[in-house]
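A.B. asks: fold the following for me, if possible:
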Amino acid sequence: MLYVLVLPGVVEIKLKEKMNNKPERRNFARFPVEFALEVFAEDVAGNKYKDRAVLKNISGEGAMFMSKLAGKYFPGQLLETKIYLPGTDDVKALMRAKATVIRIDASNNSGSDEKSEEIGIAIRFDSDNPFCRHQILWHDCRKDESRRLSLHA
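C.D. replies: Residues are numbered from 1 along each chain as shown. Alright, predicted model coming up:
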């Protein structure tokens, strides 16, 4: 199950046509997005690292993101992710999820035989409810509440 924080006029994810004509094996619809993503993990040698990447699509079970750290990822690897939702000056939000790498795809954005530096990382979320609202900046809300309370005093 996928829970998405929808901020009216800020974040609206719409279902688009299938991304290709291949048979769909997913249990949930896949939504194309371009959100900033941070990944926290350990490489094969056990060294911890943080990657800043771009989320390319998401579904109720998993997601695909693009990374320039090709040598850091491997199938079966456990990840902690932070997906940053577009915000406004008043609201900033992100979603956290634990996930497992299920596939690594070489990327070729140019259409030629030349390989891109980026790779696609397919992940599966490790729980039924991987997302929770993490951070909303309440400073403006608190100011408004203080003003409202002082008017009624």
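
A.B. asks: which stretches of the chain form strands?
C.D. replies: Here the chain has its strands, by DSSP state E, at 31-42, 48-58, 62-67, 78-85, 93-106, 119-125.

A.B. asks: in a markdown table, list the ones you listed along with mean neighbour count.
C.D. replies: Where C-beta positions appear, they are placed from N, C-alpha and C, glycine not excepted. Formatted as a markdown table, these follow (neighbours: other Cβ atoms under 10 Å):
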| stretch | mean neighbour count |
| --- | --- |
| strand 31-42 | 17 |
| strand 48-58 | 16 |
| strand 62-67 | 22 |
| strand 78-85 | 18 |
| strand 93-106 | 17 |
| strand 119-125 | 20 |
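
A.B. asks: any chance of these in a markdown table, with mean pLDDT too?
C.D. replies: Output for the strands of the chain, formatted as a markdown table (pLDDT from 0 to 100):
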| stretch | mean pLDDT |
| --- | --- |
| strand 31-42 | 94 |
| strand 48-58 | 96 |
| strand 62-67 | 95 |
| strand 78-85 | 93 |
| strand 93-106 | 92 |
| strand 119-125 | 95 |
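
A.B. asks: and Glu80, how far from Ile123?
C.D. replies: According to Cβ to Cβ, to the nearest Å, Glu80 stands 11 Å off from Ile123.

A.B. asks: beta partners for the nearest residue to Ser67 once chain neighbours are set aside?
C.D. replies: In space, and not counting its chain neighbours, Ser67 is closest to Ala53: 4.5 Å by Cβ to Cβ, 6 or more residues apart in numbering. Beta-bridge partners of Ala53, counted by DSSP bridges, are Leu37.

A.B. asks: hmm, Ala41 and Ala53 touching each other?
C.D. replies: No. Judged on Cβ atoms under 8 Å, Ala53 makes no contact with Ala41 at a distance of 11.3 Å.
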